[in-house]
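**Student:** Sequence first, predicted coordinates after that:
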Amino acid sequence: MSAQYSFTEIEKKWQRQWENTQLYAVDIDTNKPKYYVLDMFPYPSGSGLHVGHPLGYIASDIVARYKRLNGYNVLHPMGYDAFGLPAEQYAIQTGQHPAVTTEQNVQRFREQLNIMGFSYDWDRQVKTCDPNYYQFTQQIFALFFEHWYNKQTQKAAPIAQLIEHFQLHGSENFQAHGGKINPFTAQEWSEMSPLQQHEILNQFRLAFVDETTVNWCEAMGTVLANEEVVNGVSERGGYPVVRKKMRQWSLRITAYADRLLDGLNTLQWSDAIKEIQRNWIGKSQGAEIDFVVRGTLKTLKVFTTRPDTIFGATFMVVAPELENLSEYCSEDQWPIVQEYANKAKNRSEIDRMADTTKTGVFTGMEAINPFTGEPIPVWVSDYVLANYGTGIIMAVPAHDERDFAFAKTFDLNIVPVIKPANGELDLPLEQAYIAKDGICFNSGFLDGLSMKEAISTAIAKVEKAGWGQAKVNYRLREAGFGRQRYWGEPFPIVYNEEGIPQLIQELPVELPQVDSYKPTGNGESPLSAVTTWVNTPQGKRETDTMPGWAGSSWYFLRYTDPKNNEQLASPEALNYWQQVDLYVGGSEHATGHLLYSRFWTKFLFDLGIISWDEPFKRLVNQGMIMGEDGQKMSKRWGNVVNPDDVCAQYGADTLRMYEMFLGPLTDSKPWNTHGIEGVSRFFGKFWRLFYEGEQWAVSQEAPTPAELKILYKTIKKITEDIESMSFNTSVSAFMVATNELGALKCRKQEILETLLILMAPFAPHITEELWHQLGHSDSIHTANWPTYDSQYLVESSFNYPISINGKTRAQIEFELSTTEADIQAAVLSNELVIKWMEGKPLKKFILVKGRIINVVV
RNA sequence: GCUCGGGUGGCGGAAUAGGUAGACGCGCAGGACUUAAAAUCCUGUUUUCAGUAAUGAAAGUACGGGUUCGAUUCCCGUCCCGAGCACCA
């Protein structure tokens, strides 16, 4: 025992002890309720952690410890998202194998995390780059490959079922989510070559080969995901990105668009993240309508959300990237259209975004507006996107800004069809008139209808006349799943001599050694150079690897049974631990990791592997900790604060407590080196509740009601704060309790011991030390969370502030049992009250029990 | 441009089923202990005005209105900051 609070010694001692006794190891225990608290696992970068990283880890650790003290069996694991670009870039620079550098970084992270005293069950650590782990990432990919999405049952189903349907009924009456195919009979199916059959099945597999326009980054020699491209340049490095056609694996996430949208309503996530996902999925309801090309039998199919404005559709616009563009254009105009299309294709994303002036050319064709019967010209312009809707729009310049700008540029007809409900439009229009509450005019049978009524009436008419049907559109695109990189999961795929992909049954398919990690530059991965690996008796291997998000889309399941070599996790473990109850991490993964994890979870739910279809019940996004200068913490600004240094100088408990004290968990806030002194002093004060000078001073006396009141109000406050994750106010509650007990010179074991338990989740080391000094032999982290007697918190009297006309003028103490009449009499005879009433008559007397008294004159 | 957050002392931030604004901490000022320093402890600290002082008065939660006995909290408008989306028909 030491009379001094020497945190270095204490923290090392208990960390060693906890490790030796396996204090945080958990296992299935059906006698206890489970609780699963998870941190987003980190990418083990070479620069290690700065003080911003542990913010969320500290918060989740507090909750994990709190739940344990409340009798829960808590799963609280940690691992590493270990595949990825930085390790590979480093390999390219240094020639070291990424597995080696990654392992070094993992060791470093582990040390740093241990210094801060987290209660992880390290036995459950996972690393996505470990073959024992990624064999199941490959297995899940194989399952995607072997399934299709049945729109009727809204569920994934085995591809064999679809094949059977084709064998029996051809393409009649099947409800598969996927690409377009030409109808065929059962007979025709049986006569198709394996390659033809593959090409049809490929349209429906949930993992499929897709010819897509990808974001090609020449400098990095690879394809990037949409979210890795910001304003036309790569997120990492800022290299230019161009669009390029490429064959690569994709996952059919759009099959799950509706369920991903609906599921959001069941989640305790921030509105901001839910909104970002809703926007990303981008569901919009409208109609597909066919416009007949004048003088032909051809039609142009458009998608619109505003069929109520169709009487104002005065021209049409076709996207320049459409494959069969020549069909939408007259012969003599084709050279001009083609020239325009080529120019548009080569225009970079940056250009497009920077320049919104309208360009375009006339196709030489006219279509008939089915509602007005009038011929309208068809144009090509790059303001229409090929991959949204049908790639063709009906333009309503009077009521759409973009169409209006285009019509003005090329002097096209503008016909207003919506006007204010009470009033008239100022004509001619200076800008597009966009109103949610307008009514139709100039619109035949739609005249006088509101937007909502007109939309349904117009769609009914379209459907009845056979011109089209109601249609739902999504902004969400299929998820590109191939990277031309070395450091990722290899695909369990070989292509036979016909080029048909076949699954490799034996997993894992391990990464081979390569001589160079550099991209080949021709768009292929470094793996393609390893010919001994690529060529197998069964055919050529797929040489792309999976993207970073593959391994992170299911790791939360693996923690439940991380060493299982037969299955991704045993049904027993999955059934026991189930969903993540609380997930803590940054909000930057809103449309990546969080969406993909939900997608994979729903797929595995469909297959019956798990019994829930959302991975993370409650999500909390911790804010960023900025540098002292208010800028983002980074080497570049030289403002990085290292948690190891802070722990060495002040101790881990002080770091943990201070990070919580900085402000609300979800806010961004700057680090302040002076501020930590306050928390450090607090621990000194707290320690001195137990010691007087060199002398152990805890007494066994019975506590007084005043002391119990301090304790009980603290129990109440801390319990409520942890439940609502309001940790900053918990810290101040500990300070208040310490100040108040100090003022009362209270050193009673009964009080201090309970206070230790309350503080144990926040400051696990000092509380463990003092707990043992109080004579306990078990760990404080296995104690029981205290309850309080609310009787002690009830006040018998209250010192009322007395307001006269809303201004506080006096204070009078009353027993809470005093009747209102007695209070009123006492207040009105009070000297100060009489003075401020200035002789005016009483108008109203307001008494809010236990709160305030207001005298209105 | 659209959507969602948010504007409270010198600073980080408390307090909103409407009820004493500024808890707790930092910083600052003064004091105690000490030969001295560190550490520790005590006092003060929203602003302005009056007073030697105790104290008293007025204003005050981005700005302007409204509802109410009473508004940081609810409603309307304006400005500013942050985040997300962005030619998605």
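**Tutor:** Structure received.

**Student:** The residue of chain A at minimum distance from RNA strand B and A:Lys716: what is the separation?
**Tutor:** Taking Cβ to the nearest atom of the strand as the measure, chain A has A:Gly678 as its residue closest to RNA strand B, at 2.4 Å. Every residue, glycine included, has its C-beta placed from N, CA and C. Distance, A:Gly678 to A:Lys716, by Cβ to Cβ, to the nearest Å: 24 Å.

**Student:** What residues does the spatially most central residue of chain A make contact with?
**Tutor:** Taking Cα atoms, centre = their mean, the centroid of chain A lies closest to A:Ala590, which sits 2.8 Å from it. Contact partners of A:Ala590, counting by Cβ atoms under 8 Å, 6 or more residues apart in numbering, are A:Ile273, A:Ile276, A:Gln277, A:Trp280.

**Student:** Go through these and flag which are in helices.
**Tutor:** Using DSSP state H, the subset of these located in helices is A:Ile273, A:Ile276, A:Gln277, A:Trp280.

**Student:** For those, pick the one with the most neighbours.
**Tutor:** With neighbours defined as other Cβ atoms under 10 Å, the most crowded of the ones in helices among the contacts of A:Ala590 is A:Gln277; it has 21 neighbours.

**Student:** Look up how far A:Arg477 lies from it.
**Tutor:** According to Cβ to Cβ, A:Gln277 and A:Arg477 sit 14 Å apart.

**Student:** Extract the C-alpha set from the helix or strand in which A:Phe166 is found and format it as CSV.
**Tutor:** According to DSSP states H and E, A:Phe166 maps onto helix A:159-169. Extracted in CSV, the C-alpha atoms of helix A:159-169 (Å, rounded to 0.1, in the frame of the first residue of the first chain):
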residue,chain,number,x,y,z
ILE,A,159,-29.6,-20.3,-58.1
ALA,A,160,-30.5,-24.0,-58.7
GLN,A,161,-34.1,-23.0,-58.1
LEU,A,162,-33.9,-20.5,-60.9
ILE,A,163,-32.3,-23.0,-63.2
GLU,A,164,-35.1,-25.5,-62.5
HIS,A,165,-37.6,-22.8,-63.4
PHE,A,166,-35.9,-22.1,-66.7
GLN,A,167,-35.8,-25.8,-67.4
LEU,A,168,-39.5,-26.2,-66.8
HIS,A,169,-41.0,-22.9,-67.8
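
**Student:** Show me how chain A divides into domains.
**Tutor:** A:23-140+A:552-626, A:151-255+A:490-541, A:284-473, A:795-856 (automatic domain parsing).

**Student:** Of those domains, flag the one that's most buried.
**Tutor:** domain A:23-140+A:552-626 (a mean of 20; mean count of other Cβ atoms under 10 Å).

**Student:** and the nearest residue to A:Met837 once chain neighbours are set aside, what does it touch?
**Tutor:** Of all residues not flanking A:Met837 in the chain, A:Val857 sits nearest, at 5.2 Å (Cβ to Cβ, 6 or more residues apart in numbering). Residues in contact with A:Val857 (Cβ under 8 Å, 6+ apart) are A:Ile804, A:Asn805, A:Met837, A:Glu838, A:Lys840, A:Pro841, A:Leu842, A:Lys843.

**Student:** Turn those residues into JSON lines, including distance to A:Tyr596, secondary structure and pLDDT.
**Tutor:** Shown next, in JSON lines, are the contacts of A:Val857 (distance: Cβ to Cβ, whole Å; DSSP: H, G, I helix; E, B strand; the rest coil; pLDDT from 0 to 100):
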{"residue": "A:Ile804", "distance to A:Tyr596": "63", "secondary structure": "strand", "pLDDT": "86"}
{"residue": "A:Asn805", "distance to A:Tyr596": "60", "secondary structure": "coil", "pLDDT": "84"}
{"residue": "A:Met837", "distance to A:Tyr596": "68", "secondary structure": "helix", "pLDDT": "84"}
{"residue": "A:Glu838", "distance to A:Tyr596": "70", "secondary structure": "coil", "pLDDT": "81"}
{"residue": "A:Lys840", "distance to A:Tyr596": "70", "secondary structure": "coil", "pLDDT": "82"}
{"residue": "A:Pro841", "distance to A:Tyr596": "71", "secondary structure": "coil", "pLDDT": "84"}
{"residue": "A:Leu842", "distance to A:Tyr596": "68", "secondary structure": "coil", "pLDDT": "85"}
{"residue": "A:Lys843", "distance to A:Tyr596": "64", "secondary structure": "coil", "pLDDT": "85"}
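
**Student:** and these near RNA strand B, which?
**Tutor:** A:Asn805 (Cβ under 7 Å from any atom of the strand).

**Student:** Can you add distance to A:Val640 and give the contacts of A:Val857 back as a markdown table?
**Tutor:** Compiled in a markdown table, the contacts of A:Val857 are given as follows (distance: Cβ to Cβ, whole Å):
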| residue | distance to A:Val640 |
| --- | --- |
| A:Ile804 | 56 |
| A:Asn805 | 56 |
| A:Met837 | 62 |
| A:Glu838 | 63 |
| A:Lys840 | 65 |
| A:Pro841 | 68 |
| A:Leu842 | 65 |
| A:Lys843 | 63 |
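
**Student:** which bits of the stretch 151-300 of chain A sit near RNA strand B?
**Tutor:** A:Glu227, A:Asp271, A:Ala272, A:Glu275, A:Ile276, A:Asn279, A:Trp280, A:Gly282, A:Ser284, A:Gly286.

**Student:** Turn those residues into TSV, including pLDDT.
**Tutor:** Formatted as TSV, those follow (pLDDT from 0 to 100):
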residue	pLDDT
A:Glu227	60
A:Asp271	83
A:Ala272	84
A:Glu275	86
A:Ile276	88
A:Asn279	88
A:Trp280	90
A:Gly282	89
A:Ser284	89
A:Gly286	90
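
**Student:** Make a markdown table out of those and add distance to A:His776.
**Tutor:** Converted to a markdown table, these look like this (distance: Cβ to Cβ, whole Å):
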| residue | distance to A:His776 |
| --- | --- |
| A:Glu227 | 51 |
| A:Asp271 | 44 |
| A:Ala272 | 44 |
| A:Glu275 | 49 |
| A:Ile276 | 48 |
| A:Asn279 | 53 |
| A:Trp280 | 52 |
| A:Gly282 | 57 |
| A:Ser284 | 62 |
| A:Gly286 | 68 |
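
**Student:** any idea which of these is closest to A:Pro490?
**Tutor:** When these are compared for distance to A:Pro490 (Cβ to Cβ), A:Glu227 wins out at 23.6 Å.

**Student:** the helices in the stretch 201-350 of chain A, which residues?
**Tutor:** Counting by DSSP state H, counting those that start in this stretch, the stretch 201-350 of chain A has helices at residues A:257-263, A:271-281, A:334-346, A:349-354.
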